[in-house]
Each structure stands twice: as C-alpha cells, then as structure tokens.
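**Q** Here's a sequence, model it:
(chains A, B, C and D)
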There are 2 protein chains.
Amino acid sequence: MPVKLNHSTSHGPESAGDELLSFFRAMADPSRLKIVGLLARQACAVEQLSALLGIGESTVSHHLARLADAGLVSARAEGHYSMYSLHLDALAAMARRLLKTEQLPALASGIDHGSFDRKVLASFTGPDGRFTAFPSQEKKFLVLLRHVLQDFRPGVRYSEKKVNEILSRYSEDTAKLRRSLVDFGFMDREGGGRDYWRKDRVAPEARIRGEAS
Amino acid sequence: MPVKLNHSTSHGPESAGDELLSFFRAMADPSRLKIVGLLARQACAVEQLSALLGIGESTVSHHLARLADAGLVSARAEGHYSMYSLHLDALAAMARRLLKTEQLPALASGIDHGSFDRKVLASFTGPDGRFTAFPSQEKKFLVLLRHVLQDFRPGVRYSEKKVNEILSRYSEDTAKLRRSLVDFGFMDREGGGRDYWRKDRVAPEARIRGEAS
DNA sequence: AAAATGATTCTATACGCATCGAATCAATTG
DNA sequence: CAATTGATTCGATGCGTATAGAATCATTTT
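**A** Modelled structure (predicted):
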C-alpha cells in the first residue's frame, strides 16, 4: 500500500524546489511516462499495465509506488483489483509552477551567495589580509573593491589622506584602489579629491550607525 | 561546446514523449534544478556556478551539457568566459504541454494495445484453439467474447444452429457463449432466438464486404 | 477448506550517472 | 612567447535505481 506523504512536515531546511524535484524524478523514466499516458485515458490495474508495457508486474508495482510518492497517482480497491488513477490536478499544479517564471529563482534557495566572493578573496589575499595581486577579471576585482569598501562607513566623509591610510591595509597601490572605487561608483568625491564618502549602495537601515573608524 | 540539437530530424520511431522524457531527466537532479534557478535570475559562467553550488567545475560543466542537450540552456562566448543562459521559452513550452491533458495519452504511443488480450487468450486457449476454461474475471471473459466474435461477419444474419456450430469451435458450452454475446451487447437477436447478427461495433468501411462463412 | 489470482515485498543484479581529480584545450595576460 | 585561467574531456569510483524472479499476502473462486 503506497504511503501518502505530503505536507512537508517542516522537519528540516526543506528547499522550495523539493516538491518539484520529486515530481521530476517521478517522471524521468520511460516506463513511468507511459504509465502516466495510459492512466490519463483511463484507470488501470497493475496486471493490465504490466501486459501493455511488457514489463513485470513487480516492476510496475514499484513504478506506481514511486508515482504515488510524488502524489501523481493513487489506488482505490475495486473488487479484487486495485485500480490506479492519475491525479490530473497535481500534474497541472506542477506545470503551472514552471510557468511562473518570477519565482523560478526560488529553486536556488539555500545557496550561499557569498561563497564566490569568499573563494575569490581567498585566492587574492595572503594570511595577513593583504592583497597578493589584483585579479585581471573585472568581476573578481569588484569583489576586492566591495571588500575594502566595508572599512568605510556610510554617511561619513573621509579625507584623501584617511582614505589612503585605510586602503594601505590591503595594498601599496592605494591610488589604483582609490580611483577604481570612484570609477565603479562605490565612492564619490568632492572638491577635486578633498573629501570622499561611500555611496549609498546599502540597505537603508544599515545607515543608522554613524561611527567612523 | 554544447551541440545544438532540436528539430527532431525524424530518423526513427521518435515517440511523442521523447522530448518530454529528456526534459524530465534533465530536471531530475538537485544540482541542475539549482542551476536552473540561478540562471533564471541571470546568466552565469561555469566558475561562478561551481562556487555557488559548492561542487567541482567539471561536474557543473557536465550538468550544463545535459541541460543543453535538453535545449534548456545555451552558452555564448563572452570574453574569456562562456556565459550560460536559460531558455525560458523552452521551459514554458514543456509546461504548457503538461497542461494540455487531452494529448497526454500520446505519451503512451508505441504501446501495443492488443498485448493484454493476447496474453489472456494464450492463458485460456489450448494448442487446438479451444478454450480450456472461462476466466472468472469479467474483463478477461470479454476478451474471449471479442475473440469468437471475429468469426461472425457484420451485417450477416445467422440461425441459432449456425451460431452454435461456430461457437462449438471454442467450447462445448455454446449456450453460455451465445447468451453472453447478447448480454454484453456484442450480438442482437430477433424472433426470440431465430436469427442472430453481430451488432455494429466496427468501423463503417468494414461493412462493405458481405460474405458469410 | 483448497486453489487460484492479483498485488506487494524482498533480494539480487546490472546499468546509469553524479561526482571528483587529472589531463587537455583555448584564450588571455604578462 | 610563457604563464595563467576558465572550460571541457577523460577515467575511475560509488551510489541510486530499474528490472526480474521468488516469496508472501490478501481476496476470490471452486
């Protein structure tokens, strides 16, 4: 008897795509696809499906159990037989999920979006925290810039001397870092370089704290 | 470089569900589902996906090749990178297919719908072609009735004597066969059993030939 | 009650494939 | 040109699972 399991009982970090995953795995088999096709026309018993597909009854039973786990079919006893029927609504629900493209990124939930940055930083910083080199790839260079930017507080004005002091923690080439921070829009300046400040690229509530280093 | 293959070039008995099958198999993996989720937001390079997913670059390359085979992603060279992007339209096309329930039975194309009948006949007929027993299951008994019905021509009237003669090829219990043929609507009769004829359950063009056995 | 039958479970077995590491390729940077 | 780097391919390994057959269970028929 196929166990009915749904209602993800929240006993762990159930990813948003887990339901979709079991759905796809249930459909990712030629025999099961044919079973779905046959059950779409009419409910069938195991024996009949076995004859139609040309595979053993035990195999069919196994496939049906798998489809039932995904909530796609269910059996009801009818006389001596157990007739399996397709749940068209469940199938349609999954299909509609795929059409809502705006919530497709939820499939990537549980992804650590900082892991790439961390990997890049690990490659280009020594054990003292200073940069060993500047990556040639712009995408990775931006990672370094965002990293040094964290030493500047939003809403605080820094003199060029102070900026260089902070940047010198990471590299001797403070000029390149300073210029790049402005070029890529991470910082802005006034008076031809007298004052620098971090441009607001951060969530509003993070601006409350006004401390300077 | 992922090869672009579509337009099923009709080089064989391509089952209607083959496209769907490769689609499902492409999506039936947790890593690939996450890749789809990430690419739904923005195009990515292999290196970045590898870092985000925490799996090797070679593995990611393999997964992307699989998704590309299913027509779900494609790569375009951008500088030194090859940026992979998602084909939202292909994904939507598959989803819409699942919603058209009336053509779901096409998934079972290539199924021999007579195999069940043949199996039943083989179980209940001896080498001489006569029935060894009557199946107790109604569904199987109907198979036998349809079988003997083929010895009667549409549009021809048979006397009860002639009917019994034909039925006696299969079983001594001609009365049960004759009565069942009428009860289940395969044949009709007139004059309280004087004349019998096959009821028209067959395609119209098959009625043209009027021969009697 | 005994026999038959449809279905499920159990046990192997074999194939597919996800994964990694190494080798290779291609393009860029120095 | 040499070195680096991103990407792909290749070889090997381990896990998952599709499948068949035997055993078991439950129901029905005789």
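
**Q** What parts of chain A come near DNA strand D?
**A** Within chain A, the residues that sit near DNA strand D (C-beta under 7 Å from any atom of the strand) are A:25, A:29-31, A:55-56, A:58-59, A:62-63, A:66, A:79-80, A:123, A:137, A:140. Where you see a C-beta, it was placed from the backbone N, CA and C, and this is true even at glycine.

**Q** check these against chain B, which are close?
**A** A:25, A:30, A:80, A:137 (C-beta under 8 Å from any C-beta of the partner chain).

**Q** Nearest residue to the most centrally placed residue in chain A in space, please, no chain neighbours.
**A** The structure's chain A has its C-alpha centroid closest to residue A:108; by C-alpha atoms, centre = their mean the separation is 1.9 Å. In space, and not counting its chain neighbours, residue A:108 is closest to residue B:37: 3.2 Å by C-beta to C-beta, 6 or more residues apart in numbering or on different chains.

**Q** mind checking which helix or strand the one you found is in?
**A** Assigned by DSSP states H and E, residue B:37 belongs to helix B:30-41.

**Q** just how off-centre is the helix or strand that contains residue A:116 within its chain?
**A** Here residue A:116, judged by DSSP H and E, is contained in helix A:115-124. Between the mean C-alpha location of helix A:115-124 and the chain-wide mean there is a distance of 19 Å, by C-alpha atoms, centre = their mean, to the nearest Å.

**Q** which residues sit against the next helix or strand after that helix?
**A** Per DSSP H and E, helix A:115-124 leads on to helix A:138-149 as the next helix or strand towards the C-terminus. Contacts of helix A:138-149 from elsewhere in the structure, counted by C-beta atoms under 8 Å, 6 or more residues apart in numbering or on different chains, are A:116-117, A:120-121, A:124, A:131, A:134-135, A:166-167, A:169-170, A:177, A:180-181, A:184, A:186-187, A:198, B:48.

**Q** change it to 7 Å
**A** A:117, A:120-121, A:124, A:131, A:134-135, A:167, A:170, A:177, A:180-181, A:184, A:186, A:198 (C-beta atoms under 7 Å, 6 or more residues apart in numbering or on different chains).

**Q** Buried only: go through those residues for me.
**A** A:117, A:120-121, A:124, A:131, A:167, A:170, A:177, A:180-181, A:186, A:198 (16 or more other C-beta atoms under 10 Å in any protein chain shown).

**Q** The helix holding residue B:37 and DNA strand C, are they touching?
**A** Yes. If you take C-beta under 7 Å from any atom of the strand as the test, helix B:30-41 does meet DNA strand C, through B:30-31.

**Q** Show me what that helix packs onto, helices and strands only.
**A** If you count contacts as 3 or more C-beta pairs under 7 Å, 6 or more residues apart in numbering or on different chains; DSSP states H and E, helix B:30-41 packs onto helix A:18-27, helix B:46-53, helix B:57-69, strand B:81-86.

**Q** could you dump these to a markdown table with mean neighbour count?
**A** Formatted as a markdown table, these follow (neighbours: other C-beta atoms under 10 Å in any protein chain shown):
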| stretch | mean neighbour count |
| --- | --- |
| helix A:18-27 | 21 |
| helix B:46-53 | 20 |
| helix B:57-69 | 18 |
| strand B:81-86 | 18 |
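
**Q** of all these, which lies closest to residue A:104?
**A** Nearest to residue A:104 among the helices and strands packed on helix B:30-41 is strand B:81-86; the distance by C-beta to C-beta comes to 8.2 Å.

**Q** From the contact counts, what lies against that closest one?
**A** Right, strand B:81-86 is packed against helix B:30-41, strand B:73-78 by 3+ C-beta pairs under 7 Å, 6+ apart.

**Q** Is DNA strand C within reach of that strand?
**A** No. Shown here: strand B:81-86 not in contact with DNA strand C (C-beta under 7 Å from any atom of the strand), separated by at least 8.7 Å.

**Q** now do stretch A:137-146
**A** No. Applying C-beta under 7 Å from any atom of the strand, one finds stretch A:137-146 separated from DNA strand C by no less than 7.6 Å.

**Q** Buried residues in that stretch, which are they?
**A** Those would be A:140-144, for stretch A:137-146 by 16+ other C-beta under 10 Å.

**Q** so which of these comes closest to chain B?
**A** Using C-beta to the nearest C-beta, residue A:140 comes nearest to chain B of the buried residues of stretch A:137-146, at 9.5 Å.

**Q** Could you list the domains of chain A?
**A** A:18-108, A:115-207 (automatic domain parsing).

**Q** State the mean pLDDT of the longest one.
**A** In this case it means domain A:115-207. Averaged across domain A:115-207, pLDDT comes to 85.

**Q** next one: stretch A:28-46
**A** Here the average pLDDT along stretch A:28-46 is 96.

**Q** List the buried residues in that stretch.
**A** Judged by neighbour count using 16+ other C-beta under 10 Å, the buried positions of stretch A:28-46 are A:28-29, A:32-40, A:43-46.

**Q** Could you dump the helices and strands packed on strand B:81-86 into a markdown table with distance to residue A:98 added?
**A** Output for the helices and strands packed on strand B:81-86, formatted as a markdown table (distance: least, C-beta to C-beta, whole Å):
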| stretch | distance to residue A:98 |
| --- | --- |
| helix B:30-41 | 10 |
| strand B:73-78 | 15 |
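
**Q** ok, the residue nearest to residue A:109 when sequence neighbours are not counted - contacts?
**A** Leaving out its chain neighbours, the residue that sits closest to residue A:109 by C-beta to C-beta, 6+ apart is residue A:16, at 4.8 Å. By C-beta under 7 Å, 6+ apart, the contact list for residue A:16 reads A:106-107, A:109.

**Q** Remind me which helix or strand residue A:16 belongs to.
**A** With DSSP H and E as the test, residue A:16 turns up in no helix or strand.

**Q** Hmm, residue A:45 and residue A:76 touching each other?
**A** No. Checked against C-beta atoms under 7 Å, the pair residue A:76 and residue A:45 is beyond contact range at 11.0 Å.

**Q** any shared contact partners between those two?
**A** The contact lists of residue A:76 and residue A:45 share residue A:83, where a contact means C-beta under 7 Å, 6+ apart.

**Q** From what I see, residue A:152 and residue A:196 are in contact.
**A** No. Applying C-beta under 7 Å as the test, residue A:152 and residue A:196 come out as separate, 8.1 Å apart.

**Q** Find the residues that touch each one of those two.
**A** With C-beta under 7 Å, 6+ apart as the test, residue A:152 and residue A:196 both reach residue A:158.

**Q** Near chain B, which residues of chain A are found?
**A** Contact residues, chain A versus chain B (C-beta under 7 Å from any C-beta of the partner chain): A:17, A:20-21, A:24-25, A:27-28, A:30, A:33-34, A:36-38, A:40-41, A:48, A:51-52, A:54, A:88, A:91-92, A:95, A:98-99, A:101, A:104-108, A:111, A:113, A:115-116, A:119.
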